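Trainee: I need the structure of the sequence given here:
(2 chains)
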Amino acid sequence: RKEVEQDPGPFNVPEGATVAFNCTYSNSASQSFFWYRQDCRKEPKLLMSVYSSGNEDGRFTAQLNRASQYISLLIRDSKLSDSATYLCAVNANNNDMRFGAGTRLTVKP
Amino acid sequence: ETGVTQTPRHLVMGMTNKKSLKCEQHLGHNAMYWYKQSAKKPLELMFVYNFKEQTENNSVPSRFSPECPNSSHLFLHLHTLQPEDSALYLCASSSLSGGAGETQYFGPGTRLLVL
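Mentor: Numbers count the residues shown, from 1 in each chain, chains lettered A, B, ... in the order given. Predicted coordinates:
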């Protein structure tokens, strides 16, 4: 079993749609969780951290379910500019960040 | 954004060449990382430096040799690479709080092609 698993997609959605990504992790000792966004041929950039209580940043909502060991990202009212690959990252300690392979999203007009 | 810079951005080298990748962070962080990103694969952690000391190797082949002269600079020395080493090499940095993991910030990467 991979340490961090994501549905690779691609997800092709129309503008304005709501789309959700899930990510599962195998290490129950994981302590911190993140979603990164990576544009084509660019570096990953932090989208948001994921807190136990869930958190929201504009159109983006992240949730953590420790019991089932998964995190989710919900994007509402999708924009063309949301097209990218979304990476989930899980950190078991200060150094050991593990990444999923990413979920590719394409938002179409 | 210039928080983490990497040079060169692109590199083509033969299997007998020796080259070095450079990373510099301007964020006042005390941990730096090298990752390898191959097509359709997760980011693979290669090396971790905390306060200039290497703390994790992750069984990387010896043809990759890291160097961290201070907390702001990180190098990856390359020699006798193989074509399967062609990938995007990303540097990242973070602060260490002693508690939960801190966010890692990435440089733009060096896209390496080994012929």
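Trainee: which residue does chain A have closest to chain B?
Mentor: A:Asn91 (3.1 Å; CB to the nearest CB). All C-beta spots, glycine's among them, are computed from the backbone N, C-alpha and C.
Trainee: B:Gln37 contacts B:Ser86, correct?
Mentor: No: in this structure, B:Gln37 is not within contact of B:Ser86 by CB atoms under 8 Å, at 11.2 Å.
Trainee: compare these two (neighbour count), which wins?
Mentor: Taking neighbours as other CB atoms under 10 Å in any protein chain shown, B:Gln37 and B:Ser86 compare with B:Gln37 leading, 23 against 17.
Trainee: quickly note the distance from the residue nearest to that one when sequence neighbours are not counted to B:Thr110.
Mentor: Spatial nearest neighbour of B:Gln37, chain neighbours left out: B:Leu88 (4.4 Å); criterion: CB to CB, 6 or more residues apart in numbering or on different chains. Separation of B:Leu88 from B:Thr110 (CB to CB, to the nearest Å): 7 Å.
Trainee: what does chain A put close to chain B?
Mentor: Residues of chain A lying close to chain B (CB under 8 Å from any CB of the partner chain) are A:2, A:4, A:8, A:31-32, A:34, A:41-46, A:49, A:87, A:89, A:91-102.
Trainee: so what's the residue count around B:Ser71?
Mentor: 17.
Trainee: give me the pLDDT for it.
Mentor: Predicted confidence (pLDDT) for B:Ser71: 89.
Trainee: roughly how far does it sit from B:Glu24?
Mentor: Counting by CB to CB - B:Ser71 and B:Glu24 are separated by 11 Å.
Trainee: thinking again about what came up before, filter the residues of chain A next to chain B down to the buried ones.
Mentor: Neighbour counting by 16 or more other CB atoms under 10 Å in any protein chain shown classes A:4, A:32, A:34, A:43-44, A:49, A:87, A:89, A:91-92, A:94-102 among the residues of chain A next to chain B as buried.
Trainee: mind showing which ranges of the chain have poor pLDDT?
Mentor: The chain I'm using is chain A. A:1, A:94 (pLDDT under 70).
Trainee: that was the other one, I meant chain B.
Mentor: Checking chain B against pLDDT under 70 turns up B:1, B:97-101.
Trainee: grab the most central residue of it for me.
Mentor: Closest residue to the average C-alpha location of chain B: B:Trp34 at 2.6 Å, with CA atoms, centre = their mean.
Trainee: pretty sure that residue is touching B:Tyr89, no?
Mentor: Yes: B:Trp34 lies in contact with B:Tyr89 (CB under 8 Å); the separation is 6.6 Å.
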